[in-house]
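In: my questions are about this predicted structure, shown below with the sequence.
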Amino acid sequence: MKKIQSHIQSEDQFQARVESYQALMDIFNSRMNETIHRDDDSAVQKHLSRGKLTARTRINLLVDEQTPFLELSTLAAYGQYENQFPSAGIITGIGRIQGKTCLIIANDATVKGGTYIHETVKKHLRAQEIALQNHLPCVYLVDSGGIFLPEQARIFPDQDGFGRIFYNQSQMSALSIPQISIVMGSCTAGGAYVPAMSDETIIVKNQGTIFIGGPPLVKAATGEEVTAEELGGAFVHTTISGVADHLAEDEIDAIRICRNIFESIPQSEAQTFDPFPLEEPLYKAHELYGLAPIDLKKPIDILEIIARITDGSQFEHFKKDYGITLITGYARIMGFPVGIIANNGFLTSEASLKGAHFIEICNFRKIPLLFLQNITGFIVGKKYEHEGIARNGAKLIHAVATSVVPKITVVVGGSFGAGNYAMAGRAYNPNFLFMWPNAKIGVMGGQQAQDVLNSIKSKGTDQNNDLVTQFEQESSAYYSTSRLWDDGIIDPMDTRSVVGLAIAIASNKKTPLPKNGIYRM
């Protein structure tokens, strides 16, 4: 492979861009800190006073020492509900237990008793989707009061509502994906099915409870007065009902039991790659701050970004001089082979055909795909419509949709219109999708939307003339991640390690062969 030669111009101007981006990072880091570090919160203090551990502490003790934990959607629900649901009240992510990659879902009882709002359900379901897609064992750290009742209409009855959690558990069980529950607190109503549908369940003595209807509901329905412990405590479920399988003395003991169980869980048949020595990029990751597009109207050289995330800053072009608004080629990231598809402008017919051809090759060679999005969309105009941009763009979209190798998407700049689809947006089931803090996502830019509606209005249709502010707000990375349109905002400097970890996770499942041959476009 060839080394990418960086051509950063004007040191003073570049440094000014770095400083501008650092201001964005200060905002990002502040929002992450206020979400994660909540020691002064009265609910956290009350939780700790009961001798309980926080959700993130439980996870840290559960995963293997000195191994990474990839937390997902940390800022879920941010900016909504008056910020009363940090991380949507649930921590999800991927780590290793006894050397085996697994997905962990941990209720945070310090957030409204661990109850579920719309975003909590969505985050839980997304975690299970990742487990299904990558064949990852699941551990549920249960400490939840069930549905947040004021939100019941939004999360109870629909197809992807609360009940889908248990449907997914059944589907995973049918696919021989192990599921272990540790009941560390309340496990009420529908939530009682999480441990009941797991392969094995551990319950903490004098702390964990499982019941379909809690004491208040039992009294209202039957008049019977019963304590939570008498109704569904650890002794009841390990000696009488059999709902739980292991009695833990405390949370530390429960975590120990779970880790012991993982010794008997078989390792999944993973996709293997030829070994290759790991090389650091030639250029500093911090330089990404000066390369990330803040003003999306100004072009960037996507190769400069690629040079700071690939092993040895090496990259082998595929069709270098054809369809040049799309960069395609081979590289390695953290030792893993990867096919990179990156925008260097809008998508043309030639770029679309080139991308589709490259995806088919990567499918047959079982090379994971990395999409680096900075896309305004497909090129428009009479000339391009006559040339069949819709047909050729559809070929790229089809190739992305039917690809069998792992797909990792990082939105480094803009993600607009059908370009989002062609570059493996959320609707195209990438294994993971991350955004940089500067990223924007929307059907089009705010000014474009207003210009379109102004044009319609001039023809006699009454339309709202002020969309720029609305589009700016709704296209921000924080708006996206709050609603779980992505798997989290990441620091650009962490892109290389996050992508490498994502490929390792996605490789836990063997890649099937594609059904069709390679069509030269």
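Out: The structure has been received and is ready for your questions. This one's a predicted model, so the numbers in the text were calculated from it and none came from an experiment.
In: where exactly do the helices run in the stretch 351-500 of the chain?
Out: 382-386, 389-402, 417-422, 446-457, 468-474, 477-482, 495-506 (DSSP state H, counting those that start in this stretch).
In: swap in the stretch 151-300 of the chain?
Out: Assigned by DSSP H, counting those that start in this stretch, the stretch 151-300 of the chain shows helices spanning 152-155, 164-174, 193-196, 215-222, 228-232, 234-239, 251-262, 288-291.
In: re earlier: closest to R58 out of the helices of the stretch 351-500 of the chain?
Out: Nearest to R58, of all the helices of the stretch 351-500 of the chain, is helix 495-506, at 20.6 Å by CB to CB. For the C-beta atoms, the positions are set from N, CA and C on the backbone; glycine is no exception.
In: now for the closest one, which elements pack on it?
Out: For helix 495-506, the packing partners by 3 or more CB pairs under 8 Å, 6 or more residues apart in numbering; DSSP states H and E come out as strand 70-72, helix 118-134, strand 326-333, strand 336-343, strand 407-416, strand 432-435.
In: what ranges in the chain fall below the confidence cut-off?
Out: The model of the chain has pLDDT under 70 over residues 445-447, 449-454, 456-465, 520-521.
In: quick one on the thing from earlier: using a markdown table, lay out the helices of the stretch 151-300 of the chain together with mean neighbour count and distance to I389.
Out: Output for the helices of the stretch 151-300 of the chain, formatted as a markdown table (neighbours: other CB atoms under 10 Å; distance: least, CB to CB, whole Å):
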| stretch | mean neighbour count | distance to I389 |
| --- | --- | --- |
| helix 152-155 | 15 | 39 |
| helix 164-174 | 17 | 38 |
| helix 193-196 | 21 | 48 |
| helix 215-222 | 12 | 59 |
| helix 228-232 | 17 | 61 |
| helix 234-239 | 19 | 61 |
| helix 251-262 | 19 | 51 |
| helix 288-291 | 22 | 29 |
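In: that older thread, so which of the helices and strands packed on helix 495-506 gets nearest D245?
Out: When the helices and strands packed on helix 495-506 are compared for distance to D245 using CB to CB, the nearest one is helix 118-134, at 20.8 Å.
In: kindly export that closest one (C-alpha atoms) in PDB.
Out: Taking C-alpha atoms only, helix 118-134 is exported to PDB below (Å, rounded to 0.1, in the frame of the first residue of the first chain):
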ATOM      1  CA  HIS A 118     -39.200   6.200  24.800                       C
ATOM      2  CA  GLU A 119     -35.500   6.600  24.400                       C
ATOM      3  CA  THR A 120     -34.700   4.000  27.000                       C
ATOM      4  CA  VAL A 121     -36.700   1.400  25.100                       C
ATOM      5  CA  LYS A 122     -35.100   2.500  21.800                       C
ATOM      6  CA  LYS A 123     -31.600   2.200  23.400                       C
ATOM      7  CA  HIS A 124     -32.300  -1.200  24.900                       C
ATOM      8  CA  LEU A 125     -33.600  -2.500  21.500                       C
ATOM      9  CA  ARG A 126     -30.700  -1.100  19.700                       C
ATOM     10  CA  ALA A 127     -28.300  -2.900  22.000                       C
ATOM     11  CA  GLN A 128     -30.200  -6.100  21.400                       C
ATOM     12  CA  GLU A 129     -30.100  -5.500  17.700                       C
ATOM     13  CA  ILE A 130     -26.300  -5.200  17.900                       C
ATOM     14  CA  ALA A 131     -26.200  -8.500  19.800                       C
ATOM     15  CA  LEU A 132     -28.300 -10.200  17.200                       C
ATOM     16  CA  GLN A 133     -26.300  -8.800  14.300                       C
ATOM     17  CA  ASN A 134     -22.900  -9.700  15.700                       C
END
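In: what's the angle from it to helix 164-174?
Out: Inter-element angle recorded for helix 118-134 and helix 164-174: 10 degrees (by axes from the mean of the first three to the mean of the last three CA atoms, to 10 degrees).
In: so after helix 118-134, what's the next helix or strand?
Out: strand 138-144 (DSSP states H and E).
In: helices or strands next to that next one in the packing?
Out: By 3+ CB pairs under 8 Å, 6+ apart, strand 138-144 packs against helix 55-62, strand 100-107, helix 118-134, strand 179-187, helix 193-196.
In: could I get the helices and strands packed on helix 495-506 as CSV with mean neighbour count and distance to Y479?
Out: Formatted as CSV, the entries for these read as follows, by neighbours: other CB under 10 Å; distance: least, CB to CB, whole Å:
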stretch, mean neighbour count, distance to Y479
strand 70-72, 20, 17
helix 118-134, 22, 12
strand 326-333, 23, 27
strand 336-343, 24, 21
strand 407-416, 26, 13
strand 432-435, 25, 11
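In: could these go into a markdown table alongside distance to T110?
Out: Below are these laid out as a markdown table (distance: least, CB to CB, whole Å):
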| stretch | distance to T110 |
| --- | --- |
| strand 70-72 | 16 |
| helix 118-134 | 14 |
| strand 326-333 | 36 |
| strand 336-343 | 37 |
| strand 407-416 | 31 |
| strand 432-435 | 26 |
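In: of all the ones you listed, which lies closest to G500?
Out: Each of these was scored for nearness to G500 using CB to CB, and the closest is strand 326-333 (5.1 Å).
In: please save the CA atoms from the closest one in PDB.
Out: Taking only C-alpha atoms (Å, rounded to 0.1, in the frame of the first residue of the first chain), the coordinates of strand 326-333 have been written out as PDB:
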ATOM      1  CA  LEU A 326     -15.900   9.300  -4.000                       C
ATOM      2  CA  ILE A 327     -12.700   7.800  -2.600                       C
ATOM      3  CA  THR A 328     -12.500   4.000  -2.500                       C
ATOM      4  CA  GLY A 329      -9.600   1.800  -1.500                       C
ATOM      5  CA  TYR A 330      -8.000  -0.600   0.900                       C
ATOM      6  CA  ALA A 331      -6.200   0.100   4.200                       C
ATOM      7  CA  ARG A 332      -5.700  -1.400   7.700                       C
ATOM      8  CA  ILE A 333      -7.000   0.000  11.000                       C
END
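In: relative to it, what are the paired strands and their orientations?
Out: Taking DSSP bridges as the criterion, strand 326-333 pairs within the sheet with strand 314-317 (antiparallel), strand 336-343 (antiparallel).
In: that's all I had, so thanks and see you.
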